[in-house]
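# Please work out how this folds:
(chains A and B)
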Amino acid sequence: AQTVTQSQPEMSVQEAETVTLSCTYDTSESDYYLFWYKQPPSRQMILVIRQEAYKQQNATENRFSVNFQKAAKSFSLKISDSQLGDAAMYFCAYRSNQGGGADGLTFGKGTHLIIQP
Amino acid sequence: DAGVTQSPTHLIKTRGQQVTLRCSPKSGHDTVSWYQQALGQGPQFIFQYYEEEERQRGNFPDRFSGHQFPNYSSELNVNALLLGDSALYLCASSLETGGFSTEAFFGQGTRLTVV
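Numbers count the residues shown, from 1 in each chain, chains lettered A, B, ... in the order given. Sure, this is the predicted structure:
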């Protein structure tokens, strides 16, 4: 079974600065997706960024980028120019892509990101 | 596009009772997955429905069951409620295309409290 570990229960960053959230995972599979989801107090999970394991290039979405180290099974999220609206719980998630990607997501326990004005 | 909608938003039930939660997927999506999120934890996968059948199941007892209707909407049923079933229940939808799934879109969840 796959596992996802987020070792930082809480992180704090000053507005406009950069913060990196850590995630490691364990799997014996070679074909999978990794995701970062944001969950604000409204409770709705919002997809921030995704990475396909077979792509070597790190995914980027505006101020959000990842550092994907497949051999080390590490998938960190960097948020640049942090904004007050970035404050939320951030979850790292894994999804197998073997067999058509029909698997459910495996989530980490989350990191609570606080933005200091 | 209304996105994924769940009802009700909040629910209080007594131990031993049964509950039904409902989910309408994002327009154009055909696959629905359910997750349980306990307070302070990440969501845990309960099961997934596709073509009106349960396709995959997480580590949850048979008290948790579901259904998918021809319009792709879905229900999650929990029987014989326990205090430990108190959680946020999230529904996510996706689209199967060419044998692969698009990313999941989530609803705002149903907060279930068992007393």
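# Can you check the distance spanned by stretch B:52-64, start to finish?
Stretch B:52-64 has an end-to-end distance of 16 Å (CA to CA, to the nearest Å).
# Please see if that stretch touches chain A.
Yes: judged by CB under 8 Å from any CB of the partner chain, stretch B:52-64 and chain A are in contact via B:55-56, B:58. Where C-beta positions appear, they are placed from N, C-alpha and C, glycine not excepted.
# could you list every residue that touches the residue nearest the centre of chain A?
By CA atoms, centre = their mean, chain A has its centre lying nearest to residue A:36, at 2.9 Å. With contacts defined as CB atoms under 8 Å, 6 or more residues apart in numbering or on different chains, residue A:36 is in contact with A:21, A:23, A:47-50, A:64, A:66, A:75, A:77, A:90-93.
# Of those, keep whichever come out buried.
Buried members of the contacts of residue A:36, scored by 16 or more other CB atoms under 10 Å in any protein chain shown, are A:21, A:23, A:48-50, A:64, A:66, A:75, A:77, A:90-93.
# Identify those among these that sit within strands.
A:21, A:48-50, A:64, A:66, A:75, A:77, A:90-93 (DSSP state E).
# Of the contacts of residue A:36, which are in range of chain B?
Among the contacts of residue A:36, chain B is touched by A:47, A:50, A:91, A:93 when using CB under 8 Å from any CB.
# Closest one of those to residue B:67?
Nearest to residue B:67 among those: residue A:93, at 25.3 Å, using CB to CB.
# what's that closest one in contact with, if anything?
Under the criterion of CB under 8 Å, 6+ apart, the contact list for residue A:93 reads A:4, A:34-37, A:105-108, B:42.
# Mind jotting down where the strands sit in the chain?
Assuming you mean chain A. Counting by DSSP E, chain A has strands at residues A:3-5, A:10-14, A:19-21, A:24-26, A:32-39, A:46-52, A:60-61, A:64-69, A:74-79, A:88-96, A:106-107, A:111-116.
# actually it's chain B I care about, not the one you picked
B:5-7, B:10-13, B:19-24, B:31-37, B:44-50, B:53-57, B:64-68, B:74-78, B:87-94, B:96-97, B:100-101, B:105-106, B:110-114.
# Just put the ones you listed in a markdown table and tack on mean neighbour count and mean pLDDT.
Below are the strands of chain B laid out as a markdown table (neighbours: other CB atoms under 10 Å in any protein chain shown; pLDDT from 0 to 100):
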| stretch | mean neighbour count | mean pLDDT |
| --- | --- | --- |
| strand B:5-7 | 17 | 97 |
| strand B:10-13 | 13 | 97 |
| strand B:19-24 | 20 | 98 |
| strand B:31-37 | 25 | 97 |
| strand B:44-50 | 22 | 95 |
| strand B:53-57 | 14 | 91 |
| strand B:64-68 | 18 | 97 |
| strand B:74-78 | 21 | 98 |
| strand B:87-94 | 24 | 96 |
| strand B:96-97 | 14 | 78 |
| strand B:100-101 | 18 | 72 |
| strand B:105-106 | 22 | 94 |
| strand B:110-114 | 18 | 98 |
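# Out of those strands, the one nearest residue A:15 is which?
That would be strand B:105-106 among the strands of chain B, by CB to CB, at 27.0 Å.
# I'd like the strands of chain A written out as a markdown table, with distance to residue B:86 added.
Listed next are the strands of chain A as a markdown table, based on distance: least, CB to CB, whole Å:
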| stretch | distance to residue B:86 |
| --- | --- |
| strand A:3-5 | 23 |
| strand A:10-14 | 23 |
| strand A:19-21 | 28 |
| strand A:24-26 | 28 |
| strand A:32-39 | 18 |
| strand A:46-52 | 24 |
| strand A:60-61 | 35 |
| strand A:64-69 | 33 |
| strand A:74-79 | 30 |
| strand A:88-96 | 19 |
| strand A:106-107 | 19 |
| strand A:111-116 | 21 |
